[in-house]
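K.L.:
sequence below, structure please.
(chains A and B)
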Amino acid sequence: MTALVGGVLLAAGVALFILEPVFSGRRAMRYGGDDDFDEGAARRRVALTALRDLEYDRATGKLDEEDYDALKLELSREALMHLGRDEDAGEGPGTEALRISRQLEDEIAQIRRAIRRGMQCVSCEHVNSIGARYCGRCGKRLITGAAPAGTSSDGAVS
Amino acid sequence: MTVLGEVALWIALPVALWGTVVSFVGGRFRRGDLVLSGERTVYMLTLLLLVVSAGIIAAFLGNQYEYRYVANYSNRELDTYFKVAGLWAGQRGSLVFWTLLLSVFSSIAVFQNRRRNREFMPYVSGTLLGLLSFLLVVLLFADVNPFERMGFTPVNGRGLNPQLQNYWMTIHPPTLYLGFTAFAVPFAFAVSALLTNRLDSRWIAITRRWILLSWFFLTNGIIFGMRWAYEELGWGGYWFWDPVENASLLPWLTATAFLHSIQIQENRGMLKVWNMGLVVTTFLLTIFATFLTRSGLIESVHSFAENLRIAYIFLGFMGGMAALSAVLIVYRLASLRSENQIQSFLSRESAFLFNNFLLVGVTFAVAWGTLFPLITEGFFGETRNVGPPYFNSVNIPIGLILLALMGIGPVIAWRRASRRNLLRNFTVPVLAAAGALGALAVIGVRHSMALATFTIAVFVMTIVITEFWKGTRARARIAGEGMWNALGSLVRRNRRRWGGYTVHAGVVIVFTGLAGAAFDVRMEQELAPGEAMTVRSALGTEYRLVYESLSHSRPRVAEGERENDWRWTALLTVYRDGERVGILRPERRFYPVMEQQSTEVGIASTAFEDLYVIPKEVDLESGSERVTFEAKALPLVPWIWYGGLLVTVGALIGLWPAARVSAPAAVRRRSRPGPLPAAAAG
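P.N.:
From the prediction side, this is the model:
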């Protein structure tokens, strides 16, 4: 008997909970607030990861210079293409693409320079402007000038 | 509590049906209230199924033998934790447990995405609720209701099969079921991507971690099952190519293929149809594995034939799902076009593709062998079995090629690789492998498959270690870190890659352990107390076993109760190369309720081999206490478990939440959405 009463209460509770939105008009969110995924963004991310992998593959000797250059050109072009896709139709696509192309090239160059000079923060990977001594995002001390061989900096990193 | 459980089961069905309908309708007609109601249904089903499961467990704990399911899988004397595990001991409870886990994962998926990926969610919850509805219909109307009463109450239950009375029983089935059910989430997202025609790599990005989670549980479930077989079944093996083992291997194989092929889709926008096919196939195979486990469709050590009708219901369901998915995929074929082509045969893409073909090939071979008895019965009227020789002869060569690919793939660059570089990268590993082959030949190893396995294992291991070394060195140089820090940040920066390599290393070790089976040594001897036997292992260790005594024991029980089992325990002292290393206590047990015997083996492990002792026969009649022992020296078996552990670690590295990689500022600016155009399109 108690079980049956429990069952009825359970059924009533469940029904109330699942039917409440229909009666009250409460709605589920239709589009996510932080829903920033779009194919272009995903592709850009992939192209950038691929660029990073490319550097890694070169560093570990899986690619020689020739292939590296060819692939880098190809990947940069792809990254650009996906940038281009999002552009407003109103702007001249050619000039815009060129502008972004330069911008991206600049940034890649900057990142590579920064990495070489140790400007990329070791802990949060933020790329700092040249000359910085502390990371602009997390405040960790940057190891500048670590790239030349023979520089021992074990103690500086933690 | 049990009655409440039964009531909850009846409430669950209309609730699930309601949820299915309102989710799809709400998604189609953009009715946010219906979508919300559908999502709440998912949570409520979890609650209801918890009550159902609690009801079953309460019936087990309360020895309520008027319930057929409880009477068939328990007895008064059974240990409490086996009574709790009774929930998944038989077909009926297993189905409830499966449904419960599915509802838990569904709730997690819905909760995770309550503010994200919203346009997918109505269809995701609709698909999951549809699955739950199907399972509930089966539970209530296909003669598998766990709450079915018999009309009378037996004094005692028929007991749990002795082979299931092992602590792995509480671990192995749930792990495997977690793997099976977790895969329903990626499937639901795939269906929802097809329905909404959002077929870019988004659904894969959302479900990648779910896929890996499912794979993680499947892998562990399979390894735990092997360990269980090894400890409990008492013949020194861990894999029989038993139908149910195969059934759990099938989704694992396709899930493994899927984990690799999604990388091609993410990186290159290729193989979209193939990936859809794999996710559907894997999901259907998890269903197949579930019902095969307890249906009795195919004779196996696992199935205690119960009910064939359910097998046909499940087959029909699988057929229906396969047809529906195929129709959806064909309907969306235009959106599933490849964006790129493979540029070169020498590229990581083509290595992945080859890996996929091989994995799917193994899947077919295993499925064919597993279903062979059914097929022959259908066509020729007699059941024929293909034994382990079939499986071994087909799968070992393919397995070895896959093993080799694990080494080759990572060294080849994406898109294209030059021959010169390959030569440079492969020189050291090939030399190492050749060296290993030569050394093994010199010490007299002649078994061809074992030689091939060890050689390829050295090749792959050298590559994996070199990869780690080169990566760490490059990282240390670039970031100016110490080696250990560099290794840490290397792995942190690309968990998928390095987790994957760790898994590969684990698999290599597992394969090496499996190949050890070529060198098993066995010996059988009847001993009287005080006598000894000697076994020399293939690795050259000499084991001496001295049979000291036999004791008979009955576990202590409360007054008025009987024992669950009677035990005869042999006491053996083990000497390894003349040095006393320990005592083994293998047992024969008799289960009076089931009237069955079982064996508990004794295992003495080192890092390189196991000594495995089985008491085959105990002479009780003459009172001489003579026991026939079978002793096996099994080289490299422990490596299977070590390798499995490493695979687990690798999968965990991949699963661990990754720190966000910061993109260049221009890209970040670009990708930050204003009023997002995608939202308007969705």
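
K.L.:
what residues does the helix or strand harbouring residue B:650 touch?
P.N.:
For residue B:650, the element it lies in under DSSP states H and E is helix B:637-655. Applying Cβ atoms under 8 Å, 6 or more residues apart in numbering or on different chains, the contact partners of helix B:637-655 are B:209, B:212-213, B:215-216, B:219-220, B:223, B:226-227, B:230, B:238, B:491, B:495-496, B:498-514, B:516-517, B:605-610. Backbone N, C-alpha and C define where each C-beta goes, glycine included.

K.L.:
which ones, among these, also lie beside chain A?
P.N.:
When Cβ under 8 Å from any Cβ of the partner chain is applied, no member of the contacts of helix B:637-655 is adjacent to chain A.

K.L.:
so which of those residues sit within strands?
P.N.:
Counting by DSSP state E, the contacts of helix B:637-655 place B:605, B:609, B:610 in strands.

K.L.:
tell me the spacing between the closest residue to residue B:394 other than its chain neighbours and residue B:284.
P.N.:
Among residues not flanking residue B:394 along the chain, residue B:365 sits closest, at 4.5 Å (Cβ to Cβ, 6 or more residues apart in numbering or on different chains). Plainly put, residue B:365 is 18 Å away from residue B:284 if you go by Cβ to Cβ, to the nearest Å.

K.L.:
kindly report the same for residue B:318.
P.N.:
From residue B:318 to residue B:284 the distance is 5 Å (Cβ to Cβ).

K.L.:
same check, this time on residue B:543
P.N.:
47 Å.

K.L.:
can you check residue B:329 too?
P.N.:
In terms of Cβ to Cβ, residue B:329 sits 13 Å off from residue B:284.

K.L.:
right, and residue B:179 touches residue B:224 too?
P.N.:
No - contact criterion Cβ atoms under 8 Å: residue B:179 and residue B:224 do not qualify, at 10.8 Å.

K.L.:
which one's more surrounded, the two?
P.N.:
Neighbour count, other Cβ atoms under 10 Å in any protein chain shown: between residue B:179 and residue B:224, residue B:179 has more, with 26 against 18.

K.L.:
any stretches of the chain with poor pLDDT?
P.N.:
All of this is about chain A. Low-confidence segments of chain A, defined by pLDDT under 70: A:31-43, A:82-101, A:110, A:113-118, A:130, A:143-158.

K.L.:
sorry, I should have been clearer: chain B.
P.N.:
In chain B, residues with pLDDT under 70: B:293-308, B:342-345, B:378, B:381, B:413, B:415-418, B:555-562, B:658-682.

K.L.:
the more surrounded of residue B:318 and residue B:284?
P.N.:
Comparing residue B:318 with residue B:284 by other Cβ under 10 Å, the one with more neighbours is residue B:284, at 20 against 16.

K.L.:
quick one on the thing from earlier: using CSV, list the CA coordinates for the helix holding residue B:650.
P.N.:
Output of helix B:637-655 as CSV, limited to C-alpha atoms (Å, rounded to 0.1, in the frame of the first residue of the first chain):
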residue,chain,number,x,y,z
VAL,B,637,51.5,-12.6,-19.5
PRO,B,638,52.0,-9.8,-16.9
TRP,B,639,52.9,-7.5,-19.8
ILE,B,640,49.4,-7.7,-21.0
TRP,B,641,48.2,-6.1,-17.8
TYR,B,642,51.1,-3.6,-17.7
GLY,B,643,50.4,-2.7,-21.3
GLY,B,644,46.7,-2.3,-20.5
LEU,B,645,47.6,0.0,-17.7
LEU,B,646,49.6,2.2,-20.0
VAL,B,647,46.8,2.3,-22.5
THR,B,648,44.5,3.5,-19.7
VAL,B,649,47.1,6.2,-18.8
GLY,B,650,47.3,7.3,-22.5
ALA,B,651,43.5,7.5,-22.8
LEU,B,652,43.3,9.5,-19.6
ILE,B,653,45.9,12.0,-21.0
GLY,B,654,43.7,12.4,-24.0
LEU,B,655,40.5,12.7,-21.9
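
K.L.:
and the gap between residue B:191 and residue B:553?
P.N.:
56 Å.

K.L.:
which stretches in chain B count as strands?
P.N.:
B:521-527, B:532-536, B:542-553, B:566-576, B:579-584, B:587-591, B:596-600, B:602-605, B:609-618, B:627-635.

K.L.:
how far off strand B:521-527 does the last one point, in degrees?
P.N.:
Computed by axes from the mean of the first three to the mean of the last three Cα atoms, to 10 degrees, the angle separating strand B:627-635 from strand B:521-527 equals 160 degrees.

K.L.:
count the neighbours of residue 80 for me.
P.N.:
Went with chain A since none was named. When neighbours are defined as other Cβ under 10 Å, residue A:80 has 19 of them.

K.L.:
the intended chain is chain B.
P.N.:
9.

K.L.:
now residue B:641: how far from chain A?
P.N.:
Residue B:641 sits 32 Å away from chain A, going by Cβ to the nearest Cβ, to the nearest Å.

K.L.:
er, residue B:72 actually
P.N.:
Separation of residue B:72 from chain A (Cβ to the nearest Cβ): 23 Å.

K.L.:
repeat for residue B:618
P.N.:
Residue B:618 is 48 Å from chain A, by Cβ to the nearest Cβ.

K.L.:
quick one: contacts for that residue?
P.N.:
When contacts are counted by Cβ under 8 Å, 6+ apart, residue B:618 touches B:550, B:568, B:570, B:588, B:625, B:627.

K.L.:
distance to residue B:276 and neighbour count for these - can I get that in CSV?
P.N.:
Formatted as CSV, the entries for the contacts of residue B:618 read as follows, by distance: Cβ to Cβ, whole Å; neighbours: other Cβ atoms under 10 Å in any protein chain shown:
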residue, distance to residue B:276, neighbour count
B:550, 61, 20
B:568, 57, 18
B:570, 57, 24
B:588, 53, 23
B:625, 64, 18
B:627, 58, 23
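
K.L.:
let me know the closest of those to chain A.
P.N.:
residue B:588 (44.0 Å; Cβ to the nearest Cβ).

K.L.:
which residue sits closest to the closest one, ignoring its sequence neighbours?
P.N.:
residue B:568 is the one closest to residue B:588 (Cβ to Cβ, 6+ apart), at 4.7 Å.

K.L.:
so that neighbour touches residue B:585, yeah?
P.N.:
No - with contact defined as Cβ under 8 Å, residue B:568 does not count as touching residue B:585 (10.6 Å).

K.L.:
which residues touch residue B:140?
P.N.:
Counting by Cβ under 8 Å, 6+ apart, residue B:140 makes contact with B:9, B:10, B:13.

K.L.:
how many other residues sit next to residue A:129?
P.N.:
9.

K.L.:
next: residue B:635.
P.N.:
Around residue B:635 there are 24 residues (other Cβ under 10 Å).

K.L.:
next: residue B:148.
P.N.:
Neighbours of residue B:148 (other Cβ under 10 Å): 13.

K.L.:
what distance do you get for the closest residue to it other than its chain neighbours to chain A?
P.N.:
Spatially, and ignoring its direct neighbours in sequence, residue B:148 is nearest to residue B:68 (4.9 Å; Cβ to Cβ, 6+ apart). According to Cβ to the nearest Cβ, residue B:68 stands 19 Å off from chain A.

K.L.:
so residue B:68 is in contact with residue B:151, correct?
P.N.:
No - checked against Cβ under 8 Å, the pair residue B:68 and residue B:151 is beyond contact range at 9.7 Å.

K.L.:
which one's more surrounded, these two?
P.N.:
Taking neighbours as other Cβ under 10 Å, residue B:68 and residue B:151 compare with residue B:68 leading, 18 against 6.

K.L.:
for the stretch 351-500 of chain B, which residue gets nearest to chain A?
P.N.:
residue B:480 (3.0 Å).

K.L.:
give me phi/psi at that residue?
P.N.:
The phi/psi pair for residue B:480 (degrees, to the nearest 10) reads phi 70, psi 40.
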